[in-house]
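Visitor: quick one, fold the following:
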Amino acid sequence: MTEGIVTNFDLTEEQQQVQGTIRDFVKQVVAPKAQHLDETAEFPVDTFKGLAELGFLGLSIPEEAGGSGFDTLSYILVVEELARACASTSLGYAAHISLGTTPIYLFGTPAQREKYVPQLCKGVDDNGNLTLGCFGLTEPGAGSDAGGTKTRAEKKSDHWLVNGRKAWITNPHYSKTCIFTARTNANPAQGKGITAFIAELGTPGFRVEPKEDKLGMRSSDTAQLVFEDMKLPLDAVAGGPEQVDVGFPKFMKTLAGGRISIGALGLGIAQGAYDKALEYARQRKQFGKPIGEFQGVSFMLADMAMEIAAARHLVYDSARQRDAGRDFALTASMGKLYASEVAMKTCTNAIQVLGGVGYTREYDVERMMRDAKLCEIGEGTSEVQRLVIARSILGDLRDK
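Guide: Predicted coordinates:
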């Protein structure tokens, strides 16, 4: 039960343990410094080291691959609970697992998995440095049109030569590896000609630009990647040489999984803002009674509770569909779209409930509203999600 919202999702004992552990961690470690991190735009290094100690940086990766062996729903519970207090931390966590680590585990060769995945799951090297993962798909000129990749990888006699730029990359200054796309065929058939590569940060010709200064998610590490005559070995192709020119579908599958993460991120932000508004409505008095007794306020809170509960059902269902081995792309898009828009609406109305103080930094809701906006953009905009959903339910209507 979440305060003010009664739900029963029949979580397993393991899932409840994960949820309880992360709630305690958030209360003790994450929440106290969330506002400070937003003001300073500092990356929460110590928080991620704490998550590493809990074994949470490889939470949903199987034990035999170096992870903790929990299911997708357990991972989603962590994303949600982190986002209730600090969406920036939650975003970095989600990007590390769903984008930086999972595609190497799913699509890498056995040698690539053995080389990279255990260290990514551990999250910290022997010197105490973070070893997160990042994912490079978006470019300055290729956002929603991810197939419009301009980064080029040319095959030479004994290496690949990579040139290009990636934008809006999460965690790059604290990452050990990056899995990214590059065009390997200048005249490909439709949907082909793009290859996924794995590169290590620090490779000559691989540069990370300074951190972006953003509206929200301010302590999350976001920057551009620049490839200038970067040489990669021939075996840097994710999945092996037979996967040259056919890497794009793998990234689309990765994005489908990432949409579950963003759905959980939006859900957590919405829950956090609702919690603040509910507490304030109970305590703040006007005309001699708590403002929660006024219909205008109580109805806003009722709508928040209803919409968050609906979003939780969609997001959790997409995680369970994935865990069951079913096609989860449609439910992931629905959950991501709905939860992200609920987050934005909930934060806006939470500020309205708090009134003037909601517009200040005295309370967290203005930060949450700035953070929520990214959920309507990242991992496919709301417009793209509607397109994905419409195509799925309508099918191909051409020539019909």
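
Visitor: mind checking the SS state of Trp168?
Guide: Following DSSP: H, G, I helix; E, B strand; the rest coil, Trp168 is assigned to strand.

Visitor: that one contacts Thr222, doesn't it?
Guide: Yes: with contacts counted by Cβ atoms under 8 Å, Trp168 reaches Thr222, the gap being 6.1 Å. No exception for glycine: its C-beta is placed from N, CA and C like everyone else's.

Visitor: per-domain residue ranges of the protein.
Guide: 13-122, 132-247, 250-394 (automatic domain parsing).

Visitor: need these in JSON lines (columns: mean neighbour count and mean pLDDT).
Guide: Shown next, in JSON lines, are the domains of the chain (neighbours: other Cβ atoms under 10 Å; pLDDT from 0 to 100):
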{"stretch": "domain 13-122", "mean neighbour count": "21", "mean pLDDT": "98"}
{"stretch": "domain 132-247", "mean neighbour count": "19", "mean pLDDT": "93"}
{"stretch": "domain 250-394", "mean neighbour count": "21", "mean pLDDT": "96"}
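
Visitor: surely Leu225 is within a strand?
Guide: Yes: applying three-state DSSP, one finds Leu225 inside a strand.

Visitor: distance of it from Glu139?
Guide: Taking Cβ to Cβ, to the nearest Å as the measure, Leu225 falls 10 Å from Glu139.

Visitor: cool, and Met344?
Guide: In terms of Cβ to Cβ, Met344 sits 26 Å off from Glu139.

Visitor: swap in Met304?
Guide: 37 Å.

Visitor: ok so, going back, any residues in contact with both of Leu225 and Glu139?
Guide: Arg165, Lys166 (Cβ atoms under 8 Å, 6 or more residues apart in numbering).

Visitor: tell me which helix or strand the residue most central in space within the chain sits in.
Guide: Closest to where the C-alpha atoms of the chain average out (Cα atoms, centre = their mean) is Ala94, at 4.1 Å. Taking DSSP states H and E as the criterion, Ala94 maps to helix 87-94.

Visitor: tell me what that helix is packed against?
Guide: The helices and strands touching helix 87-94, judged by 3 or more Cβ pairs under 8 Å, 6 or more residues apart in numbering; DSSP states H and E, are helix 34-40, helix 45-53, helix 72-85, helix 248-283, helix 365-375.

Visitor: looking at those helices, spot the one closest to Asp229.
Guide: helix 248-283 (23.7 Å; Cβ to Cβ).

Visitor: so which residues of this structure form helices?
Guide: Counting by DSSP state H, the chain has helices at residues 13-25, 34-40, 45-53, 72-85, 87-94, 102-107, 110-122, 248-283, 295-323, 329-354, 365-375, 382-394.

Visitor: any chance of those in TSV, with distance to Thr195 too?
Guide: Shown next, in TSV, are these (distance: least, Cβ to Cβ, whole Å):
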stretch	distance to Thr195
helix 13-25	36
helix 34-40	37
helix 45-53	30
helix 72-85	27
helix 87-94	25
helix 102-107	11
helix 110-122	14
helix 248-283	8
helix 295-323	25
helix 329-354	22
helix 365-375	28
helix 382-394	23
